[in-house]
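> Sequence unavailable; structure follows:
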């Protein structure tokens, strides 16, 4: 596929890009994303009940198709909130977490008049935190200031209207602004 713009010039999400990253990862580590994640990430976090779709060539779908339980999505959020540490053990490089969750470019999606930033497949919500945003209204929002991870799952293959990240942030905003009772 041709470039739609020079790298870093303009945001444009398309499923082919993460799929190409998946092929590169597979080539580099010598196993599929599914196998690599199972042996490293999922094993460390005790994620056992999942399904990851593969394409006709047997390669994991990198842009979509990973089905996780809400509690396991929350584990991924906690891993990122804790900068790659799980129960005191380093699972992911803290430098990688910092680099992947920082704003690299502004997206074309806005929240409260400001563009959402985009990292390495992470959405950055100004004044709130960072989020995964999956097909059909799947979200994992990490709010560092509140030391909080919030998860929403949905039925992605229905005819219901799909919710977007700004709608989800509006939905959970009362949780983010609630003050502790004395």
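Good, I have the coordinates. Keep in mind that this is a model prediction, so the values were computed, not measured.

> partner residues bridging the residue sitting nearest the centre point of the chain?
Compute the mean C-alpha point of the chain, and by Cα atoms, centre = their mean the closest residue is residue 132, 2.9 Å away. When bridges are called by DSSP bridges, residue 132 pairs up with residue 140.

> Would you agree it is in contact with residue 140?
Yes - assessed by Cβ atoms under 8 Å, residue 132 is found in contact with residue 140 at 4.3 Å. Just so you know, the C-beta spots here come from the backbone N, C-alpha and C atoms, and that holds for glycine as well.

> Lowest-scoring secondary structure element of this structure by mean pLDDT?
Using mean pLDDT, DSSP states H and E, helix 16-29 stands out as the lowest-scoring helix or strand of the chain, at a mean of 88.

> And it, what does it pack against?
Judged by 3 or more Cβ pairs under 8 Å, 6 or more residues apart in numbering; DSSP states H and E, helix 16-29 is in contact with helix 33-37.

> What mean pLDDT does the helix it packs on get?
The pLDDT scores in helix 33-37 average 91.

> Check stretch 170-182 too.
77.

> Please apply the same query to stretch 61-73.
91.

> And it, what's buried?
61, 62, 63, 64, 66, 68, 72, 73 (16 or more other Cβ atoms under 10 Å).

> Farthest pair within those?
Longest distance between any two of those is 19.2 Å, between 63 and 72; criterion Cβ to Cβ.

> Now do the strands in this protein.
All strands of the chain, identified by DSSP state E, fall at 50-52, 66-68, 85-86, 89-90, 105-111, 114-118, 123-125, 129-134, 138-143, 148-152.

> distance of residue 119 from residue 50?
23 Å (Cβ to Cβ, to the nearest Å).
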